[in-house]
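S.K.: can't give you the sequence, but here's the structure:
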């Protein structure tokens with residue numbers, strides 16, 4: 001655990017470096033309440049009949065294709081899926097927007113995320129095809145487990161409808177929340193203007209990670225918050241999921257000390273306790289470790305490049321305390337550098353805890369109290 005200049009890229013934060021953010025993402029998937037980003041009302045189920053009525057209203061006189069989503073943004077070859085569809089009588093599957101034959105299934109790219117849809121029906125929407133629309137919709141929703149993708153006359157434009165999640169005000173449908181929705185390292189969650197960095201960076205795109213050294217050099221001008229997400233890194237759908245009336249971005253604005261107090265005082269129902277017991281234990285313990293190494297003042301969304309060398313080292317130390325590994329040899333390079341003397345004792349207690357887990361510590365140090 002060294003003193004080093006490189007502390008991580010623009011997409012690394014105090015919360016991600018300590019894995020607190022991983023558990024917060026799961027917490028929001030399991031206990032968050034989704035809201036419509038346009039209407040700000042809670043999402044609720046809608047019936048197949050209401051979806052059909054909306055299709056009749058929006059696509060009357062136009063030809064649409066009803067697609068059942070089988071795979072959404074997942075890696076794999078999906079040979080067995082093609083065999084299953086072929087046995088069901090489907091000659092093609094729509095893979096990433098292109099129709100592929102189920103009989104002679106090509107080898108898909110292993111490292112690319114694929115979206116695979118089952119073409120259930122093509123319908124000219126109107127009064128005469130009302131029965132066919134309802135039947136096709138029911139079949140698509142069955143295959144899609146409550147979801148249907150509608151391919152309209154605009155080539156390539158797919159609209160998602162759901163019997164499980166829709167806005168009661170505008171009718172917009174939403175997919176089931178996924179941990180990737182809350183990740184600013186993933187296209188599923190990041191703000192499409194800043195790609196998850198939270199700042200306006202000319203020339204930055206989806207192919208870059210923010211780890212590149214020149215971005216840190218460029219940001220020695222004070223960086224300006226991204227105007228689209230206002231520095232919150234995530235897209236509007238992700239920011240519209242709330243737990244105790246807070247988005248995940250609102251929660252990570254809190255400093256470690258305040259966040260620890262919030263989670264200590266958190267009152268849950270019996271059902272919520274059963275669902276989130278293990279997640280909350282991990283979040284609370286990791287926040288406690290950050291407090292113990294003297295970093296209670298840091299905001300959870302503090303970007304890694306803005307940390308001092310001593311802060312970055314103590315964050316890595318807190319992450320190791322939270323890992324509960326045993327039999328590891330840790331080498332620390334001047335862990336007390338830059339610390340106020342009152343924080344030294346906190347740090348030394350943390351180092352002692354690592355040894356109590358049957359680990360070995362080798363410490364390079366010049367401070368006499370630390371040496372003793």
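M.R.: That came through fine. The model shown is predicted, which means the values in this text are computed figures rather than measured ones.
S.K.: Surely residue 335 is within a strand?
M.R.: No - secondary structure of residue 335 (DSSP: H, G, I helix; E, B strand; the rest coil): coil, not part of a strand.
S.K.: I figured it was touching residue 316, is that so?
M.R.: No - Residue 335 is beyond contact range of residue 316, at 10.0 Å (criterion: C-beta atoms under 8 Å). All C-beta atoms are positioned from the backbone trio N, CA, C, and that covers glycine.
S.K.: any common contacting residues for the two?
M.R.: Each of residue 1 lies in contact with both residue 335 and residue 316 under the rule C-beta atoms under 8 Å, 6 or more residues apart in numbering.
S.K.: More neighbours: those two, which one.
M.R.: In this view residue 335 and residue 316 are compared by other C-beta atoms under 10 Å, and residue 335 has more residues nearby, 26 against 19.
S.K.: Could you tell me the phi and psi values at that one?
M.R.: phi -70, psi -20 (degrees, to the nearest 10).
S.K.: what element comes up after the lowest-mean-pLDDT helix or strand in the chain heading to the C-terminus?
M.R.: Of all helical and strand segments in the chain, the minimum by mean pLDDT, DSSP states H and E falls on helix 213-218, at a mean of 53. Using DSSP states H and E, the helix or strand that follows helix 213-218 in sequence is helix 236-239.
S.K.: Can you tell me the strand partners of the next helix or strand after that following helix and which way each runs?
M.R.: Next in sequence after helix 236-239, counting helices and strands by DSSP H and E, comes strand 241-242. Next to strand 241-242 in the sheet, as set by DSSP bridges, lie strand 33-34 (antiparallel).
S.K.: how about the helices in the stretch 1-150 of the chain?
M.R.: 14-17, 20-31, 48-59, 79-87, 130-143 (DSSP state H, counting those that start in this stretch).
S.K.: Summarise which helices and strands the first one is packed against.
M.R.: Looking back up the chat, that one is helix 14-17. Using 3 or more C-beta pairs under 8 Å, 6 or more residues apart in numbering; DSSP states H and E, the elements in contact with helix 14-17 are helix 20-31, helix 309-323.
S.K.: any chance of the ones you listed in CSV, plus distance to residue 99 and mean pLDDT?
M.R.: Converted to CSV, those look like this (distance: least, C-beta to C-beta, whole Å; pLDDT from 0 to 100):
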stretch, distance to residue 99, mean pLDDT
helix 20-31, 33, 96
helix 309-323, 47, 83
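S.K.: Output the ones you listed as TSV; include the columns distance to residue 94.
M.R.: Below are the helices and strands packed on helix 14-17 laid out as TSV (distance: least, C-beta to C-beta, whole Å):
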stretch	distance to residue 94
helix 20-31	27
helix 309-323	43
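S.K.: Tell me which of those helices sits nearest to residue 254.
M.R.: Taking C-beta to C-beta, helix 20-31 is the member of the helices and strands packed on helix 14-17 nearest to residue 254, at 11.3 Å.
S.K.: contacting residues around residue 192?
M.R.: Contacts of residue 192 by C-beta under 8 Å, 6+ apart are 228, 235.
S.K.: okay, now residue 269: neighbour count?
M.R.: When neighbours are counted by other C-beta under 10 Å, residue 269 comes out with 9.
S.K.: which phi and psi does it have?
M.R.: When read as degrees, to the nearest 10, the backbone of residue 269 gives phi -70, psi 170.
S.K.: tally of neighbours for the residue nearest to residue 129 when sequence neighbours are not counted?
M.R.: Nearest non-adjacent residue to residue 129, counting by C-beta to C-beta, 6 or more residues apart in numbering: residue 123, 5.4 Å away. Neighbourhood size, residue 123 [other C-beta under 10 Å]: 21.
S.K.: Quick check: bridge partners of residue 123?
M.R.: residue 64.
S.K.: Relative to residue 297, how far out is it?
M.R.: From residue 123 over to residue 297 the distance is 60 Å, taken as C-beta to C-beta, to the nearest Å.
S.K.: Test my guess that residue 290 contacts residue 296.
M.R.: Yes - in this structure residue 290 lies within contact range of residue 296 using C-beta under 8 Å: 6.8 Å.
S.K.: what is in contact with those two at once?
M.R.: residue 256.
S.K.: Mind checking which of the two has more residues around it?
M.R.: Taking neighbours as other C-beta under 10 Å, residue 290 and residue 296 compare with residue 290 leading, 30 against 17.
S.K.: and the residue nearest to residue 129, what does it touch?
M.R.: 63, 64, 65, 66, 129, 132, 133, 136.
S.K.: With adjacent residues omitted, what lies nearest to the last one?
M.R.: Which is residue 136. Residue 136's closest residue in space is residue 121 (C-beta to C-beta, 6+ apart), at 3.3 Å.
S.K.: what's the answer for the first one, then?
M.R.: Counting by C-beta to C-beta, 6+ apart, residue 124 is the residue found nearest to residue 63 once chain neighbours are left out, at 5.1 Å.
S.K.: neighbours of residue 273, just the number please.
M.R.: So residue 273, with other C-beta under 10 Å, has 12 neighbours.
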